[in-house]
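> Here is a sequence with its predicted model. Questions after.
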Amino acid sequence: MTAALLLGLGLLLMAIGMPVAFAIGIAGFTYFFLPETFLPTNIGVQRIVSATQSFPLLAVPLFIFIGHLMNASGITPRLIRLSTLLAGWMSGGLAQASIVLSTLMGGVSGSAVADAAMQSRVLGKGMIQEGYTPGFSGAVLAIGGLITATIPPSIGLILYGYLGEVSIGRLFIAGVVPGFLLMVALMVTTFFVAKRRGYAPVREKLPSGREALAAARSSIWALLFPVWLLVGIRYGLFTPTEAGAFAVAYALLVGCVIHREMGLRDVLTAMHASVRDIGMIMLIIMFSGIIGYVVSFERVPQTIAELTLGVFASPTALLLTLAVLLVLLGMLLEATVVVMLLTPILVPVIKAAGIDPVHFGLLMMTLVTFGGMTPPVGISMYTVCGILRCSFFDYSRELLPFALAVFVVVLGIIFFPDIVLFLPNWLMG
């Protein structure tokens, strides 16, 4: 009960506009001042420090840095050309290209919001000039970022694996198939909407094999990165954290030596932007360490597990219920916050119910990230609508068919766990 009240206090502080990290920190520290609490307050300080003392967690700032290096290294323009070539011949060619680009970018940036913001600036104006409504353009550009929640290296999966003590390597490999299923579902939805509205292709015909090969060759260094990442993790060449360091060195090599489009000023600019993002996320992680300690000390996961196992007759029923909860929370809170708060609570529960934590991790990241693309406080929604200057009402209306496509994929993940698990089971046993 005490832990629930503290979480409620944290949510209340966020609702009145307090920065997320400080709302979580105040709620956590409040526990040590309660009359019935006999723990010294210095434990709270220790938990803040200990939350940062993690080798796996080092992957987060590294992959944030690679996301900012990506544009300066010349990778992004090449991926845009490749995406337009591969998907521009379909109805709604630019919209289709943006979804393909999200899939390719997910293997490099790992951030849904960063992907949506970048594409809105690069493709958004062109889509509106092609006759797409601002609401439709915004919905496509935002929902495409959902793919980055599953395609490795997803920052959310790193946090989930760290907090839930789940293999990050298995999570990375497990995210490949759901990511491509989301791409297909969103492209099919885009095709039918574009066909009905008469949104034209940007190319007259399918690309020839020679054209596709030439575009792939120019983007080869970006395309090879996620492949080398997964192969390296699979065969033990490096850990997921070391993969982050490899990614930074790789981007510097590609940008400075191979493409020769990145200079010292570009690197310093990327560092400056990365420090801001890393500071925000690390503050949340540090203060979440207090909440995690309180939740563990109060035996919240064990209590919830005992209650839920008596209520739900099957793991599928439990997953469906948790899916609704995660979507609702994702609509109110940033995905990172939901992962930080709920992973220590829910992972023991789903393990007790016989659910693979890798399966649940992919489900959780998909749903909480999707929540960030919906009203009332979705960060991706605000980012895209702000850049394209479209109304939230038009955006929300245009998002509905894409939301249906996402839920179809989610139901497939829930009812058929092998969609997620067969690849990591096959590659890693």
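In hand now; what should we look at?
> drop to CA atoms for contacts and neighbour counts, all remaining ones
Will do.
> How many residues are close by S391?
Residues near S391, counting by other CA atoms under 10 Å, number 14.
> quick one: contacts for it?
With contact set as CA atoms under 8 Å, 6 or more residues apart in numbering, S391 has these partners: 135, 385.
> how close does it sit to F416?
37 Å (CA to CA, to the nearest Å).
> and the helix ranked longest in the chain, how far from the chain's centre?
Across the chain, the helix with the greatest residue count (assigned by DSSP state H) is helix 264-297. Taking the mean of its C-alpha atoms, helix 264-297 sits 16 Å from the chain's own mean (CA atoms, centre = their mean, to the nearest Å).
> Only the buried residues of that helix, if you could.
The neighbour-count check on helix 264-297 (16 or more other CA atoms under 10 Å) flags 266-267, 270-271, 274, 278, 281-295 as buried.
> who's in contact with F297?
Neighbours of F297 in contact, by CA under 8 Å, 6+ apart: none.
> quick check: mean pLDDT across stretch 228-242?
Mean pLDDT, computed over stretch 228-242, is 74.
> again, but for stretch 147-165
82.
> For it, give the distance from the opening residue to the closing one.
23 Å.
> do stretch 148-155 as well
Its start and end residues considered, stretch 148-155 measures 9 Å (CA to CA).
> again with stretch 161-168
5 Å.
> what do you get for stretch 123-140?
11 Å.
> Buried ones in that stretch, by neighbour count?
123-125, 127-128, 130, 132-140.
> and the gap between the spatially most central residue of the chain and C256?
For the chain, A149 is the residue whose C-alpha lies nearest the centre (CA atoms, centre = their mean; 2.8 Å). As defined by CA to CA, A149 lies at a distance of 28 Å from C256.
> L157 now?
Distance from L157 to C256, counting by CA to CA: 29 Å.
> who's more crowded, these two?
Using other CA under 10 Å, the more surrounded residue of L157 and C256 is L157, with 30 against 18.
> show me the contacts for the more buried one.
L157 makes contacts with 149-150, 168, 171-172, 361-362, 365, as judged by CA under 8 Å, 6+ apart.
> before we move on, which element is it in?
Per DSSP states H and E: L157 is located in helix 155-164.
> How far off centre is the helix or strand following that helix?
Sequence order places helix 168-174 as the next helix or strand after helix 155-164, per DSSP H and E. The chain centre lies 14 Å from the centre of helix 168-174; the measure is CA atoms, centre = their mean.
> can you list contacts of helix 168-174?
So helix 168-174 is contacted by 150-154, 157-158, 161-162, 230, 233-234, 239-240, 358-359, 361-362, 420-424, 428 (CA under 8 Å, 6+ apart).
> and those residues, which are buried?
Buried residues within the contacts of helix 168-174, counting neighbours by 16+ other CA under 10 Å: 150-154, 157-158, 161-162, 230, 233-234, 239-240, 358-359, 361-362, 420-421, 423-424.
> Restricted to strands, list these.
Among those, no member falls in strands (DSSP state E).
> Output stretch 315-327 as CSV, nothing but the C-alphas.
Only the C-alpha atoms of stretch 315-327 are listed here, as CSV (Å, rounded to 0.1, in the frame of the first residue of the first chain):
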residue,chain,number,x,y,z
PRO,A,315,-0.8,-16.3,-19.1
THR,A,316,-2.6,-15.0,-22.2
ALA,A,317,-5.3,-13.4,-20.0
LEU,A,318,-2.6,-11.8,-17.9
LEU,A,319,-0.8,-10.4,-20.9
LEU,A,320,-4.0,-9.0,-22.4
THR,A,321,-4.7,-7.2,-19.1
LEU,A,322,-1.2,-5.9,-18.8
ALA,A,323,-1.3,-4.7,-22.4
VAL,A,324,-4.3,-2.5,-21.7
LEU,A,325,-2.5,-1.1,-18.6
LEU,A,326,0.7,-0.4,-20.5
VAL,A,327,-1.1,1.4,-23.3
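> Going by neighbour count, which residues of that stretch are buried?
Residues of stretch 315-327 classed as buried: 315-316, 318-319, 322-323, 326-327 (neighbour count, 16+ other CA under 10 Å).
> can you check stretch 345-362 too?
Here stretch 345-362 shows 345-350, 352-353, 355, 357-362 as buried, counting by 16+ other CA under 10 Å.
> With respect to E211, which of those is nearest?
Minimum distance to E211 across these is 35.1 Å, recorded for L362 (CA to CA).
> residues in contact with that closest one?
150, 157, 171, 174-175, 420.
> give me the number of residues near P77?
A count of neighbours around P77, defined by other CA under 10 Å, yields 15.
> how close does it sit to K125?
As judged by CA to CA, P77 and K125 stand 16 Å apart.
> likewise I80?
From I80 to K125 the distance is 15 Å (CA to CA).
> one step back: narrow the buried residues of stretch 123-140 to those in helices?
125, 127-128, 134-140.
> would you turn these into JSON lines with distance to V49?
Formatted as JSON lines, these follow (distance: CA to CA, whole Å):
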{"residue": "K125", "distance to V49": "45"}
{"residue": "M127", "distance to V49": "47"}
{"residue": "I128", "distance to V49": "48"}
{"residue": "P134", "distance to V49": "45"}
{"residue": "G135", "distance to V49": "44"}
{"residue": "F136", "distance to V49": "45"}
{"residue": "S137", "distance to V49": "43"}
{"residue": "G138", "distance to V49": "40"}
{"residue": "A139", "distance to V49": "40"}
{"residue": "V140", "distance to V49": "40"}
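> Can you lay out those residues as CSV showing pLDDT and distance to D115?
Compiled in CSV, these are given as follows (pLDDT from 0 to 100; distance: CA to CA, whole Å):
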residue, pLDDT, distance to D115
K125, 76, 16
M127, 79, 16
I128, 82, 18
P134, 86, 18
G135, 87, 18
F136, 88, 17
S137, 87, 14
G138, 87, 13
A139, 89, 13
V140, 88, 12
